[in-house]
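Novice: Predicted model and sequence follow; I will ask about them next.
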Amino acid sequence: MPRYIVVASSNGLEAMRAVVEVLRGGGSALDAVELGCRLVESNPRDHTVGLGGLPNLLGDVEVDAAIMDGRTRATGGVAAVRGYEHPISIARRVMEQTPHVLLAGEGAERFAAEMGFEKTELLTPEARRLWEQRLREAEPDLEPGLVRYHEHASRYLGMVRDPEQAAGGTVNFVALDTHGDIACGVSTSGWYFKYPGRVGDSPIVGAGLYADNRRGAAACTGRGELAIRGATAHSVVMHMSYGRSVDEAVRLALEDADSLPDGYATGLNVLALDPQGNHAAASNRAGSTYIWVSDEVAEPQQAPRILLGQDPHASPPPH
Ligand code: ASP
């Protein structure tokens, strides 16, 4: 069993070394996942999280984030927040300094200001350019769910456009520290062209994230509406508590969410870690990967997600 381990969505790669340093030095899983999310939030090249995130229907960047402490199942989240670069840290303050678990919109922004967070313009010139380009340019070969999603957006915008890639993106970090504690952090700018005020799965405990020292942790990326309806992160952890392996748990929970009727269906992914440091991830789209690093390997490792509809034991093992 590893002494410590961190598992993340692939866009967490640049932050992995810093996250591992926290764990190597005996720091907490909670500090590690917060730091990981903060580093991705500050990366303007990642257009799915924090600074440089792609905006909503009206051109405003609105971010969601949450953090969960597996020791106590304490959690904090913020949703539909504008103008703050580090929603993950605001979420942690919600967890530690309020009697609540989730603050949204203006209330969350007010709280961030009270806590001394600085206001920042999250819409970078590059993100604005990409957003405008995707408004204008039609792209063939989109999957039906995305076509419908863009048709829906264009009814509001009076324009037609299609992006060449998925409309969303999120960063997930799940960590097990040297004290045996587990934590999970998730941060996102959500789906671009989303309706203002739309909240995805990322700040919703049980949907986009869940962490429980006794059973393990899980976090999602992709179409948040499905992860909310399927309570996907909590489902993974429940499957593990009923004795399923982490591989089986991610597959079963994702299969359930993926089976829900959804005219806008597109990619949905989940990753998970059990208290022994075993990990796995699943996706309903081929070619999706995740990353992990522990005290037992020198470098971050990339691993394939189990593809729904395939026997996981027929694919290369995820770890
Ligand atoms: N899950 C995120 C949301 O629904 C977006 C994504 O990961 O693609 O807001």
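Specialist: Here it is on my side, so go on.
Novice: Can I get the one helix or strand in the chain whose mean pLDDT sits lowest as CSV, trimmed to CA atoms?
Specialist: Ranking every helix and strand in the chain by mean pLDDT, DSSP states H and E puts helix 144-157 at the bottom, with a mean of 73. This file holds the C-alpha atoms of helix 144-157, laid out as CSV (Å, rounded to 0.1, in the frame of the first residue of the first chain):
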residue,chain,number,x,y,z
PRO,A,144,-25.8,14.7,-31.3
GLY,A,145,-25.8,15.8,-27.6
LEU,A,146,-23.4,18.7,-28.3
VAL,A,147,-25.3,19.7,-31.5
ARG,A,148,-28.5,20.0,-29.4
TYR,A,149,-26.7,21.8,-26.6
HIS,A,150,-25.4,24.4,-29.1
GLU,A,151,-28.7,24.7,-30.8
HIS,A,152,-30.2,25.5,-27.4
ALA,A,153,-27.5,28.2,-26.8
SER,A,154,-28.0,29.7,-30.2
ARG,A,155,-31.6,30.3,-29.5
TYR,A,156,-30.5,32.8,-26.8
LEU,A,157,-27.7,34.2,-28.8
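Novice: Please see if it touches the ligand.
Specialist: No. Applying Cβ under 6 Å from any ligand atom, one finds helix 144-157 out of contact with the ligand, separated by at least 11.3 Å. In short, each C-beta sits where N, CA and C put it, glycine included.
Novice: Mind jotting down where the strands sit in the stretch 1-150 of the chain?
Specialist: Counting by DSSP state E, counting those that start in this stretch, residue ranges of the strands within the stretch 1-150 of the chain are 5-9, 63-69, 74-81, 102-104.
Novice: out of the ones you listed, nearest to residue 259?
Specialist: strand 5-9 (22.7 Å; Cβ to Cβ).
Novice: okay, the strands of the stretch 1-150 of the chain, which one's buried deepest?
Specialist: Of all these, strand 63-69 carries the top mean neighbour count, a mean of 31, counting by mean count of other Cβ atoms under 10 Å.
Novice: Who are the packing partners of that strand?
Specialist: The contact analysis (3 or more Cβ pairs under 8 Å, 6 or more residues apart in numbering; DSSP states H and E) places strand 63-69 against helix 29-41, strand 74-81, helix 87-97, strand 182-188, strand 209-212.
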